[in-house]
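[1] Build me a structure from this.
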Amino acid sequence: MAYFDAASTEPLHPAAKAAFLSTLDEGWADPARGYYDGRRARMLLDAARETVASVLGTRPDEVSFTTSGTQAVQLGMLGVLAGRRRVGTHLVVGAVEHSCVLHTADTHAARSEQRGTVAEITRTGVDRTGRLDVPAFASALRSDTALACVQSANHEVGTVQPIAEVVTTCQRAGVPLLVDAAQSVGRMSVPDGWSVLTASAHKWGGPAGVGLLVVRKGTRYASALPYDEREARRVPGFENVPAIVAAAVALGAVSTESADEDRRLSALVDRIRTRVRETVPDVEVVGDPLHRLPHIVTFSCLYVDGEALLTELDKAGFAVSSGSSCTSSTLTPSHVLEAMGVLSHGNIRVSLPRGTAEAEVDRFLALLPGLVARLRAVVAHTPTPAPAATEEGVVVDALGRRCPIPVIELAKRILDVEDGTLITVLSDDEASALDIPAWCEMTGHEFLRAESRPRGNAYVVRRHA
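    Residues are numbered from 1 along each chain as shown. Now for the predicted structure:
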């Protein structure tokens, strides 16, 4: 099996495994105790903290270890919001942030409502590459803004955000900035000037169950949880010293190894970006081609069921991920792809772990065109109702059909009508609201409007030859 899902979790670094096993014998005791075994565990914990601080360029006492990157985000956001409650409750987040940021924003709004106040959440947009609209972000900051949150790089498409510009904007407005650096730490440095940084060890080759919460001195912070004396009173509970040591060792190792390896992986990703366009018809490679993480490439194949494509790739020995609505248990489009305005169906994310062999990438590229063609052929032969001609043009009834069928039927029928003819697609699939306008953007046809109907929506398109 070729593992191409490092953006979900990087395989455990050999140095981390060795450190974890050795620390099981030496760091099992309570690091808060004053006897010998406790002092030894404390020394290991402090050394791990210093290693992390050295890599990040922070003070050791600014670093706290959490149980995950998600917990770090939750504690970081809620802690700053609580610490700056007198300033206001307004929160600014990017539209493509990780779901844990968006869910925590919802929690903040709910808690504020319970206290009898209204917490406004502003989501700022991105361009078609997923890059943050910095002017819009700057205009969203207000005198009552308690916190702003921006990811360092996107987890679905790999686009690196302009953190240096965002930092300058927040400093001018006097608003603390939380940077979710889960995808960046261990691969590239994050520009300085942020107030809070969060990360997750399993993203850089450390063990799962260790996250980072870094709160800079001078940042107002009040724990959103009951009092606990551990981890600078920010994170409750007994520290997992062996896992923390393993995480720090892995971070120290990858920080010295990353430059050459990231250049190699970036070249492989460039090869995928180029070859997929050349060998697979009707494909959209998404994300910023230049300002991107070195190991992630995402593309969407028109007229393909995303879940079927992932299944076929798995059978062929490739572990990949997807942001496609077709692979989601909720059957809703990825909020990242939706904010970008790109296709959501047939979506594949390839994220190469360190050490990926060039031959495995070539094997993937050789196999992919045939798999896509075969799946398209299956879907294309699925029987569908014939379109009806009405006063509003040609109507394609795709009610009850899931992606990619509505777009496939639109693509079929638009070839049979004259230039300027209107085609109305009836669909109750949530992905159609994103995919039909994105398809029009790709193919040059004109998307006119979406209309609410008693059953689903009507999407009106004008053909342009």
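[2] Would you mark the buried spots in stretch 100-118?
    100, 101, 102, 104, 105, 107, 108, 109, 111, 112 (16 or more other C-beta atoms under 10 Å). The way it works is simple: take the backbone N, C-alpha and C, and place the C-beta from them, glycine included.
[3] any idea how far residue 294 is from the fifth one?
    Going back to what we said before, that points to residue 105. Counting by C-beta to C-beta, to the nearest Å, the gap from residue 105 to residue 294 is 30 Å.
[4] how near is residue 173 to residue 32?
    Residue 173 is 39 Å from residue 32, by C-beta to C-beta.
[5] These two: which is more packed in?
    Neighbours per residue (other C-beta atoms under 10 Å) separate residue 173 from residue 32, with residue 173 holding more: 17 against 13.
[6] any idea what sits nearest that one, other than its immediate chain neighbours?
    Of all residues not flanking residue 173 in the chain, residue 141 sits nearest, at 4.1 Å (C-beta to C-beta, 6 or more residues apart in numbering).
[7] Likewise for residue 398?
    With sequence-adjacent residues excluded and distances taken as C-beta to C-beta, 6+ apart, residue 398 is closest to residue 406, at 4.0 Å.
[8] Assess the claim that that neighbour and residue 399 are in contact.
    No. Contact criterion C-beta atoms under 8 Å: residue 406 and residue 399 do not qualify, at 9.2 Å.
[9] still on that earlier bit, among the buried residues of stretch 100-118, which lie within helices?
    The helices, defined by DSSP state H, take in 100, 101, 102, 104, 105, 107, 108, 109, 111, 112 from the buried residues of stretch 100-118.
[10] Could you pull up the contacting residues of the last one?
    Just to be clear, that refers to residue 112. 89, 118, 119 (C-beta atoms under 8 Å, 6 or more residues apart in numbering).
[11] any idea how far it lies from residue 207?
    Residue 112 is 36 Å from residue 207, by C-beta to C-beta.
[12] Rebuild the buried residues of stretch 100-118 as JSON lines, extending it with distance to residue 153.
    Listed next are the buried residues of stretch 100-118 as JSON lines, based on distance: C-beta to C-beta, whole Å:
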{"residue": "100", "distance to residue 153": "15"}
{"residue": "101", "distance to residue 153": "14"}
{"residue": "102", "distance to residue 153": "17"}
{"residue": "104", "distance to residue 153": "19"}
{"residue": "105", "distance to residue 153": "20"}
{"residue": "107", "distance to residue 153": "24"}
{"residue": "108", "distance to residue 153": "24"}
{"residue": "109", "distance to residue 153": "26"}
{"residue": "111", "distance to residue 153": "29"}
{"residue": "112", "distance to residue 153": "30"}
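[13] quick one, phi/psi of residue 282?
    Per-residue torsions, residue 282: phi 50, psi 60 (degrees, to the nearest 10).
[14] My error: substitute residue 311 in the last question.
    phi -60, psi -40.
[15] How many neighbouring residues does it have?
    Neighbours around residue 311, by other C-beta under 10 Å: 13.
[16] Counting neighbours, go ahead and name the busier of residue 406 and residue 399.
    Neighbours were counted for residue 406 and for residue 399 using other C-beta under 10 Å; residue 406 has more, 28 against 16.
[17] so which helix or strand takes in that one?
    helix 405-414 (DSSP states H and E).
[18] Could I get the average pLDDT for that helix?
    Mean per-residue pLDDT for helix 405-414: 86.
[19] Please name every helix or strand in contact with it.
    helix 358-380, strand 393-397, strand 422-427, helix 432-443, strand 457-462 (3 or more C-beta pairs under 8 Å, 6 or more residues apart in numbering; DSSP states H and E).
[20] Settle this for me: residue 268 is touching residue 353, isn't it.
    No. Counting by C-beta under 8 Å, residue 268 sits too far from residue 353 to count as a contact (11.3 Å).
[21] Please pull out the lowest mean pLDDT helix or strand from this structure.
    Ranked by mean pLDDT, DSSP states H and E, the weakest helix or strand in the chain is strand 388-390, scoring a mean of 60.
[22] Return every residue with contacts to both of residue 406 and residue 399.
    With C-beta under 8 Å, 6+ apart as the test, residue 406 and residue 399 both reach residue 427.
[23] what's the single longest helix in this structure?
    helix 241-279.
[24] Now that helix: buried residues?
    Buried residues in helix 241-279, counted by 16+ other C-beta under 10 Å: 241-255, 258, 261-262, 264-266, 268-269, 272-273, 275-276.
[25] tell me the contacts of residue 104?
    With contact taken as C-beta under 8 Å, 6+ apart, residue 104 is in contact with 73, 74, 77, 78.
[26] what about 10 Å?
    Shown in contact with residue 104 (C-beta atoms under 10 Å, 6 or more residues apart in numbering): 70, 73-78, 81, 91, 93, 97-98, 149, 178, 224.
[27] go on, residue 343?
    Per C-beta under 10 Å, 6+ apart, neighbours of residue 343: 282-284, 286, 299-302, 306, 324, 333, 337, 403-404, 407, 431, 434-439, 441-442.
[28] roughly how far apart are residue 201 and residue 248?
    8 Å.
[29] what residues do those two have in common as contacts?
    Counting by C-beta under 10 Å, 6+ apart, the contacts common to residue 201 and residue 248 are 16, 52, 65, 210, 212.
[30] ok, back up a step: among the helices and strands packed on helix 405-414, which is nearest residue 132?
    Nearest to residue 132, of all those, is helix 432-443, at 19.5 Å by C-beta to C-beta.
[31] buried set for that closest one?
    For helix 432-443, burial by neighbour count (16+ other C-beta under 10 Å) applies to 432, 433, 434, 435, 436, 437, 438, 439, 440, 441.
[32] The closest residue to residue 351 other than its chain neighbours: which element?
    Setting aside the residues directly before and after it, residue 351 is nearest to residue 7 in space (C-beta to C-beta, 6+ apart), at 3.6 Å. Using DSSP H and E, residue 7 falls within no helix or strand.
[33] do you know how far the most centrally placed residue in the chain is from residue 23?
    The residue lying closest to the centre of the chain (C-alpha atoms, centre = their mean) is residue 155, at 2.7 Å. Separation of residue 155 from residue 23 (C-beta to C-beta): 29 Å.
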